[in-house]
Structure formats: structure tokens, C-alpha cells
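Engineer: With the input below, show me the fold.
(one chain, ligands or ions: 1)
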Amino acid sequence: MTTDALFPELAGTELGRLRERLQRLGEQPPQVLLLEGGSEAQRLALARWWACRLKCPEASAPCCACPVCRQVAAGEHLDILAYDGRISNKDDEENPGLVRAFNMDRVRELKSRLRDAPHGPGYRVVMLAGLTLARDEAANALLKSLEEPLPSTRFVLLCAQREQLLPTLVSRSLCLTLPWPDSAARDPELQPWEEALGEFLRSGRGLFERSSARNALDAALAGRILLACQKSLARVLAGREDVDDPLDMALAGLDVPARALCGRWLAEAQEALTFAVGPARILEALAARLFALRHGGV
Ligand SMILES: [Zn+2]
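Structural biologist: Next up, the predicted model:
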């Protein structure tokens, strides 16, 4: 059995290059690896492939055929622990699966397990998905764990974009970016907002009517709009802006220092959303700052 058969999500040359990179990193694996970009299924597959790299008895490359690799790929190996912040505590208690909720009880349990040696040879791999910017008790406990030297444990953080995570987590990680999904697969719910925001950045008009409408915007939708802005900015910074994307085109008009400022403001706006400030106000304030920036008012 080959890698492609065990991990069909990882086919393609760009992901192949990332695998080569991880292949080399496996010689001295970083304590925390952060995987962003791609689709959720691709991130999970790459995280599991990385875990195979760290567990397979074949030292130089995961064979993707032995019982260890197969167990890891299925998420069933005892040395692979997985948590997801999107699983509710109730679901976790009623129906505990291979992936557990990320809460204080689970983190406490994890910390005590980290004190023991892994079951089999090689590392223990802890995968964490669905983390947020909230600096709650569980997040603080996790940060403490990441600061401790844990010679037999390696962590993998999975997220769509690193801006979704606490900056202190990101700064402890080696970040790898999977190829971003096509802009053609753009979210239809977001499209009118992206157009309104792009138009506002050009003309100063067309956004506030939309954002001030009653119940137009909740924190989740505002967060997705901000993520779309961050993706646009990432494309602009990489010189890969999409001429059909209104936000890409609006942000491409910023000079280099302004792009850096824009990145910081987007992260601040994401953080503000976690503090129960009105999402419409956060988006409007950001748009007004960006408009001023684009038109030389800062
Ligand atoms: Zn193997």
C-alpha cells in the first residue's frame, strides 16, 4: 500500500512538496507543528501522515503499510491523542469518540498522560483542532504544557488560518501552509459581504447599510468575513491576488507598510470579536480604518 492509497487527500505535487519538507523535519521534529490552509480533510490527513512519520518503525520515511501506520491513519493508535474545540462537552460525555472535546477536564487528563512514556516506540503525537482566540482556562493550561520540555511528545495544531489562534500559540509553532483552496470555491454567504467591503474600501460607500441592518451580522459571520479578508491579504502579500476577487483588488491598492498595518488590524478585529463587542461595530470600525489607510488619511 502506498501513501496515496492510505492518504488519498494528499495527492498532488504541492502537497507532495510539503510531505518532503516534513520528511526532513522528522529527523528533528519541532515540538509544535502548525498546519494551516488547504481543506479540513487535507490538514487532518497531513497531520496523520506526520504522525506516521514519527511512529513508523521504518525510520527514514513512513511506509504507510505497516500496522502502526494503518492505526495512525485511522486515528486509532494509542499514542495519537486528538482534541477538537468544536466538540461540545455534552457530546463528548455522551458519545466519547477518538477525538475528544477540548476543555479543562480533558486538558487535565492530557497533562497527566504526558507524564508517562508513550505506549510504543517513537513519539506521542497530540493533535489539536478547533482552537479559538479565547484565552480560557483550557487554553492557558495548554500553553503551559507547550512551554514544558516534553521529550517524547510532539503537538500538531490544525486550523484554517493561523490568525484564528492565540498569537502565543503561533509563536511557539513551526507553521506550514497547505495550498489555499481555490477562490472559485468561495462561500456564497460571504460573497455579498466581500463585495460590499471591497466597494467600501474603494468608494467609502455601500457597507454600513448592510452591516447596520437588524440581525445582519453575528460574531460567527463577522469572523468568517475577517478570515476572508486575511486570506485576501495573504494572497496579495504572496503576489497571487485574484483579479476577480473584490477584496483582493481593494487590498492590492495598499502599499507595503499599509499591508502590514492591515494584517495587524485584522488580527485585532478577530480578537475583539471574542470580547462580545458588537460584531457590526467591529467590522465597521475596521472598514473605516482601512478606507482611511487606502486613501492616505493615516
Ligand atoms: Zn509504517
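
Engineer: Look up phi and psi at the most centrally placed residue in the chain.
Structural biologist: By C-alpha atoms, centre = their mean, the mean C-alpha position of the chain lies nearest to residue 159, the distance being 1.8 Å. When quoted as degrees, to the nearest 10, the phi and psi of residue 159 stand at phi -160, psi 160.

Engineer: Go ahead and confirm it touches residue 132.
Structural biologist: No - the pair residue 159 / residue 132 is not scored as a contact, 9.4 Å apart, by C-beta atoms under 8 Å. All C-beta spots, glycine's among them, are computed from the backbone N, C-alpha and C.

Engineer: tell me, what's touching the two both at once?
Structural biologist: Among the neighbours of residue 159, those also in contact with residue 132 (C-beta atoms under 8 Å, 6 or more residues apart in numbering) are residue 165.

Engineer: ok, back up a step: what does the model give the residue nearest to the centre of the chain for pLDDT?
Structural biologist: In this model, residue 159 is scored at 92, pLDDT.

Engineer: quick one, what contacts it?
Structural biologist: Residues in contact with residue 159, defined by C-beta under 8 Å, 6+ apart, are 34-36, 43, 129, 131, 165.

Engineer: mind putting these in CSV, neighbour count included?
Structural biologist: Formatted as CSV, the contacts of residue 159 follow (neighbours: other C-beta atoms under 10 Å):
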residue, neighbour count
34, 21
35, 27
36, 22
43, 23
129, 22
131, 21
165, 23
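
Engineer: now, which of those lie within strands?
Structural biologist: Mapping these onto strands (DSSP state E) picks out 34-36, 129.

Engineer: quick check, nearest of those residues to residue 179?
Structural biologist: residue 36 (10.9 Å; C-beta to C-beta).

Engineer: Residues of the protein that sit close to the ion?
Structural biologist: Contacts of the chain with the ion, taken as C-beta under 5 Å from the ion, map to 56, 63, 66, 69.

Engineer: thinking again about what came up before, and which of the ones in strands among the contacts of residue 159 is nearest the ion?
Structural biologist: Taking C-beta to the ion as the measure, residue 35 is the one of the ones in strands among the contacts of residue 159 closest to the ion, at 20.4 Å.

Engineer: Nearest residue to that closest one in space, please, no chain neighbours.
Structural biologist: Closest residue in space to residue 35, ignoring its immediate chain neighbours: residue 43 at 4.9 Å, by C-beta to C-beta, 6 or more residues apart in numbering.

Engineer: Return the distance of the one you found relative to residue 7.
Structural biologist: 12 Å (C-beta to C-beta, to the nearest Å).

Engineer: Look at residue 148 and report its pLDDT.
Structural biologist: Per-residue pLDDT puts residue 148 at 85.

Engineer: how many neighbours does it have?
Structural biologist: 10 (other C-beta atoms under 10 Å).

Engineer: which residues touch it?
Structural biologist: Counting by C-beta under 8 Å, 6+ apart, residue 148 has no contacts.
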